[in-house]
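**Q** Give the three-dimensional model of this entry:
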Amino acid sequence: MMSHHQSPQAYARIGGALYLFIIVAALFGEGFVRGTLVVPGDAEATARNIIESQTLFRAGLAGEMLTCVCDVALSMILYVLLRPISRNLALLGAFFRLTFVAIYGVAKLCAIATLIFLTSTNGLAALDPPQLHALAYASLKMHDYAYGASLLFFGVCSILWGDLIRRSTYLPKTIGTLLCIAGFGYVAYSLAQLLAPAYAGRYLFPWLLLPGFFSELGLALWLLIKGIDFAQWQNCIRAPAEQG
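**A** Numbering: from 1, shown residues only. Alright, predicted model coming up:
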């Protein structure tokens, strides 16, 4: 149990900074880098773009891998901040967040495979360029499916933590409610991508993910700038914590 005034506030500020980096790096990698370089349905044009902008592609991947590191730390920080409301649910949320990170990391390996197919100078000599381009594009599609699968776990985490934030008296209920809504959006998109990928890509993306952007950005900025209401946090620590 933390007894010093600065301890939970320091956790909150560090968590806010980590969350902000995660949002910026993920938007850069997913939105700008792949959004710029990947040409839907055209393996050859996509391959040409990635080969010509290899540094940009690698920078996007490096940033996203760093978000995994930050997310592991953020899982612990938000568990600590939310456990006064329900230790079990806060821990369950952390488990779902870590599972998301693991699957998200595998998705990045699929994107790294794209680079191997396009830049390897040996071991792939038996394949001609169109075959390598097709393999690289297939790896990017595998990345998209793995990323979509990871959102199922991310969504459940968002629902759990959003509910705890909503019930807390030391973080804004509005952000908690928005995070719950965002969580259901993530879950719906993840399942739709698996069950009806064409429908999900055409009608649900990115609209179902927008509540997540605003709720997570709001939480990141709130933690970084305002922190938590320390007096209310202490009240929750003193009160018998609900275990469930």
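**Q** buried set for the helix or strand containing Met142?
**A** With elements delineated by DSSP states H and E, Met142 resides in helix 129-167, which encompasses its position. By 16 or more other CB atoms under 10 Å, the buried positions in helix 129-167 come out as 132-133, 135-137, 139-140, 142-144, 146-167. The way it works is simple: take the backbone N, C-alpha and C, and place the C-beta from them, glycine included.
**Q** Gln176 touches Tyr170, doesn't it?
**A** For residue 176 the amino acid is Gly, not Gln. No: in this structure, Gly176 is not within contact of Tyr170 by CB atoms under 8 Å, at 11.1 Å.
**Q** shared neighbours of these two, anything?
**A** When contacts are counted by CB atoms under 8 Å, 6 or more residues apart in numbering, the set common to Gly176 and Tyr170 is empty.
**Q** helix/strand/coil for the residue of the chain most remote from its centre?
**A** Note on the chain: the largest separation between a C-alpha and the mean C-alpha position, by CA atoms, centre = their mean, falls on Ala126 (37.6 Å). Look at Ala126: counting by DSSP: H, G, I helix; E, B strand; the rest coil, its state is coil.
**Q** angle of the helix or strand hosting Trp222 against helix 129-167?
**A** Trp222 is located in helix 210-225, with elements delineated by DSSP H and E. Between the axis of helix 210-225 and that of helix 129-167 there is an angle of 60 degrees, by axes from the mean of the first three to the mean of the last three CA atoms, to 10 degrees.
**Q** export helix 210-225 as PDB, just CAs?
**A** This file holds the C-alpha atoms of helix 210-225, laid out as PDB (Å, rounded to 0.1, in the frame of the first residue of the first chain):
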ATOM      1  CA  LEU A 210     -12.900   6.200 -33.000                       C
ATOM      2  CA  PRO A 211     -14.400   6.100 -29.400                       C
ATOM      3  CA  GLY A 212     -11.300   4.300 -28.400                       C
ATOM      4  CA  PHE A 213      -9.100   7.100 -29.700                       C
ATOM      5  CA  PHE A 214     -10.900   9.900 -27.800                       C
ATOM      6  CA  SER A 215     -11.400   7.900 -24.600                       C
ATOM      7  CA  GLU A 216      -7.700   6.800 -24.500                       C
ATOM      8  CA  LEU A 217      -6.400  10.200 -25.400                       C
ATOM      9  CA  GLY A 218      -8.600  11.700 -22.700                       C
ATOM     10  CA  LEU A 219      -7.400   9.300 -20.100                       C
ATOM     11  CA  ALA A 220      -3.700   9.800 -21.100                       C
ATOM     12  CA  LEU A 221      -4.000  13.600 -20.900                       C
ATOM     13  CA  TRP A 222      -5.900  13.500 -17.600                       C
ATOM     14  CA  LEU A 223      -3.400  11.200 -16.000                       C
ATOM     15  CA  LEU A 224      -0.500  13.300 -17.300                       C
ATOM     16  CA  ILE A 225      -1.900  16.700 -16.400                       C
END
